[in-house]
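# pasted the sequence and its predicted model underneath.
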Amino acid sequence: MHDRPFSSLAIADTRLSVLDDCTPMAPPDPGAATLFMQSSVVLQAGQLEAAEALLRDALQLAPHLAEAHANLAWLLERRGLPEDALQHYAMASELQPGNARIQVNFGAFLAGRQFHNAAEVAYRLALLADPAMPGAWCNLGALQAQTFRDQDAEQSLRTALQLDARHVAAHVNLAFLLLRLGRFHEGWQHLEWRDWYRAIETRLDCPRWQGQPLAGCPVLLVYEAGHGDMIQFCRYLPLVRSRGASRVDVLCHPALKVLLQSLDGVGEVIGLDQEASGRTWHYWVPLLSLPGHFGTRFDTIVANIPYLQAPADRFDHWRAELLRVCPGPVLRVGLVWQGNADFENDAHRSLPDLGILAPLWAVVGVQFFSLQKGPGQRDVLRHQASQPLLDLADGLQDFADTAAVIGQLDLVISVDTAVAHLAGALGKPCWVLLPAVMTDWRWLEQRTDSPWYPEVLRLFRQPRQVGWAPVIEQLRVALTSEVNA
């Protein structure tokens, strides 16, 4: 289902492979069977347009070929045509309700669109047909976690692992569940099953570090999927040095390279866009493995804030710039209302429009600054009449610039993005808006603060099935109090 690494709680299992055989309830037209088999070959080769044409031709000859409907639905979903995909998934499910693979894919499709009850029906049908399918148990567990049935979710995910001890998605989903509940010891163990970094193993000629002493060994810390992950867990670098490493280098996203050079004890910071050949390390380790290697528990979280800082020249530049555009004695507040649209839960964590924050404009004594990058920047112009938001985004070339700007602000208000982690790592007060659906594991349960960023981050949680209005009202009241203080 997903083409990127897992990074939040309650995601469905990776889609089962598209159906590559032809086993309908009734023998299909021979020509349709041939077209179906040809479509499977080209589909597996990534030739989506050719596969779609073959599947549609097959359905012209055999309109009741459930597998063709299922594969066409899978393909249409990939192409961003959910309404068309839904029609073909529904047809496939109706034609073969006892086909577990069809039901799992249909359930994952429905779950991704928050049709929770219908998705659970599909998963239950899959398990009725094949109770020993670990993928169905994994998806059901993910759905149960997403709908706040934690005990049921844990049982379903453990059932998946009993059936397949090496089921990656079940391990990772269980890790996110346990970590969200503060059960760190076992949670870190299951998180080690995330497999996105397998590709980098082929590029490095040294073993992965497993927590042993490092006396005199150079070590490479390897990037995680998101910028926020990198910012949050780079704090462990000094602990790696404390194990005796002679040098600790970092491989990171290009936009983080300058910023991470401010880490205490860091060696060389290498961007993903750079060639790493010619360098030698004795070990490499992904950043999210470090909390487990150092035995991090809920009450032993490493939180030496701040642990990052902006380069002096960037800081001075932005201090002068903000004094120029905003010389008055006001509360300076940075805003970020949208994250990366490719993130699996972005539809819920991001605000659909800057206008949702409009109640904040009524608070007197505040100057808002936009730190928003990407498509959300277009919102600024649309709301200039009601709020003269100062847009700084065009001048933010990387996270070092963003850090320098945040250093000039009094407060940052952000949805759950890397900027929230950056503010926390800099020790700058930040109010974080958290969605009710698939709240990320690192924010734990029902807390209004974060032990990862103590006395710095304040969490504003969206009530279930209510929308953002109550959260924005809480922000307005809190902001008014901040101005008055």
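It's in. Computed from a prediction, not measured in an experiment: that's the story for all the values here.
# assign V42 to helix, strand or coil.
Assigned by DSSP: H, G, I helix; E, B strand; the rest coil, the conformation of V42 is helix.
# start the count at 373 instead of 1 going forward.
OK, 373 is where the count begins now, so the last one is V414.
# measure it to R613 for me?
Distance check for V414 against R613: by CB to CB, to the nearest Å, it reads 52 Å. In this view, the C-beta of every residue, glycine as well, is placed from N, C-alpha and C.
# kindly report the same for A425.
Distance check for A425 against R613: by CB to CB, it reads 58 Å.
# give me the more crowded residue out of these two.
In this view A425 and R613 are compared by other CB atoms under 10 Å, and R613 has more residues nearby, 18 against 14.
# may I have the residues that are in contact with the closest residue to the more buried one other than its chain neighbours?
Taking CB to CB, 6 or more residues apart in numbering, and ignoring the residues beside it in sequence, R613 has G637 as its nearest neighbour in space, at 4.6 Å. For G637, the residues meeting the contact criterion (CB atoms under 8 Å, 6 or more residues apart in numbering) are 609-610, 613, 620.
# want to try TSV for these, with distance to E596, secondary structure and pLDDT as columns?
Formatted as TSV, the entries for these read as follows, by distance: CB to CB, whole Å; DSSP: H, G, I helix; E, B strand; the rest coil; pLDDT from 0 to 100:
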residue	distance to E596	secondary structure	pLDDT
L609	13	helix	97
P610	18	helix	96
R613	19	helix	95
V620	16	strand	97
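# how about those residues, which pair is most distant?
Of all pairs drawn from the contacts of G637, the greatest distance, 8.5 Å, lies between P610 and V620 (CB to CB).
# name the residue in those two with the higher neighbour count.
Here P610 and V620 are compared on neighbour count by other CB under 10 Å; more neighbours surround V620, at 25 against 16.
# V638: how many residues sit nearby?
Neighbourhood size, V638 [other CB under 10 Å]: 18.
# does it lie in a helix or a strand, and which?
Per DSSP states H and E, V638 falls between elements, in no helix or strand.
# would you enumerate the residues in contact with V708?
With contacts taken as CB under 8 Å, 6+ apart, V708 has the following neighbours: 743-744, 784-787, 789, 791-792.
# for it, give its distance to W824.
Per CB to CB, V708 is found 18 Å from W824.
# ok so, going back, any chance of the contacts of G637 in CSV, with distance to V804 too?
As requested, these are exported to CSV (distance: CB to CB, whole Å):
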residue, distance to V804
L609, 24
P610, 25
R613, 30
V620, 29
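# closest to Q646 out of those residues?
Distance to Q646, by CB to CB, is smallest for V620 among the contacts of G637, at 17.2 Å.
# how many neighbours does the spatially closest residue to D725 that is not a sequence neighbour have?
Leaving out its chain neighbours, the residue that sits closest to D725 by CB to CB, 6+ apart is D751, at 5.9 Å. D751: 23 surrounding residues under other CB under 10 Å.
# am I right that D751 is in contact with L726?
Yes - the pair D751 and L726 passes the contact test of CB atoms under 8 Å, sitting 3.6 Å apart.
# hmm, back to that, export the contacts of V708 to JSON lines and append columns for distance to D645, pLDDT and secondary structure.
JSON lines is the format used below for these (distance: CB to CB, whole Å; pLDDT from 0 to 100; DSSP: H, G, I helix; E, B strand; the rest coil):
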{"residue": "L743", "distance to D645": "23", "pLDDT": "97", "secondary structure": "coil"}
{"residue": "Q744", "distance to D645": "24", "pLDDT": "96", "secondary structure": "coil"}
{"residue": "V784", "distance to D645": "28", "pLDDT": "98", "secondary structure": "strand"}
{"residue": "I785", "distance to D645": "31", "pLDDT": "98", "secondary structure": "strand"}
{"residue": "S786", "distance to D645": "26", "pLDDT": "98", "secondary structure": "strand"}
{"residue": "V787", "distance to D645": "27", "pLDDT": "97", "secondary structure": "strand"}
{"residue": "T789", "distance to D645": "22", "pLDDT": "96", "secondary structure": "coil"}
{"residue": "V791", "distance to D645": "22", "pLDDT": "98", "secondary structure": "helix"}
{"residue": "A792", "distance to D645": "25", "pLDDT": "98", "secondary structure": "helix"}
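# which pair in those residues spans the largest distance?
When the contacts of V708 are compared pair by pair using CB to CB, the two farthest from each other are Q744 and A792, 12.9 Å apart.
# where do the strands of the stretch 623-772 of the chain begin and end?
According to DSSP state E, counting those that start in this stretch, the stretch 623-772 of the chain carries its strands in the segments 641-643, 655-658, 703-708, 738-742, 762-763.
# measure the closest residue to C589 other than its chain neighbours to V591 for me?
Sequence neighbours aside, H654 is the residue nearest to C589 in space, at 3.8 Å (criterion: CB to CB, 6+ apart). For H654, the distance to V591 (CB to CB) stands at 7 Å.
# before we move on, what about D401?
Distance, D401 to V591, using CB to CB: 61 Å.
# so how far is the strand or helix carrying N443 off the chain centroid?
Using DSSP H and E, the secondary-structure element containing N443 is helix 438-450. Per CA atoms, centre = their mean, to the nearest Å, the displacement of helix 438-450 from the mean C-alpha position of its chain is 26 Å.
# next helix or strand past it?
Towards the C-terminus, the helix or strand next in line after helix 438-450, according to DSSP H and E, is helix 454-467.
# which residues does the helix or strand following that next one contact?
Tracing the chain C-terminally past helix 454-467 and defining elements by DSSP H and E, one meets helix 472-484 next. Defining contact as CB under 8 Å, 6+ apart, one finds that helix 472-484 is touched by 373, 384-385, 387-388, 391, 438-439, 442, 445-446, 449, 454, 457-458, 461-462, 464-465, 468-469, 488, 490-495, 497-499, 501-502, 505, 507-508, 511, 514-515, 518.
# angle of the helix or strand that helix 472-484 is followed by against helix 472-484?
In the C-terminal direction, the helix or strand that comes right after helix 472-484 (DSSP H and E) is helix 488-501. Computed with axes from the mean of the first three to the mean of the last three CA atoms, to 10 degrees, the direction of helix 488-501 lies at 160 degrees from that of helix 472-484.
# low-confidence stretches in the chain?
For the chain, residues meeting the criterion pLDDT under 70 lie at 373-400, 648-650.
# could you chop it up by domain?
402-563, 570-672, 684-856 (automatic domain parsing).
# now the end-to-end length of the last one.
This means domain 684-856. As for domain 684-856, its first-to-last residue distance stands at 32 Å under the measure CA to CA, to the nearest Å.
# show me which positions of stretch 484-493 end up buried.
484, 490-493 (16 or more other CB atoms under 10 Å).
# done for today, thanks.
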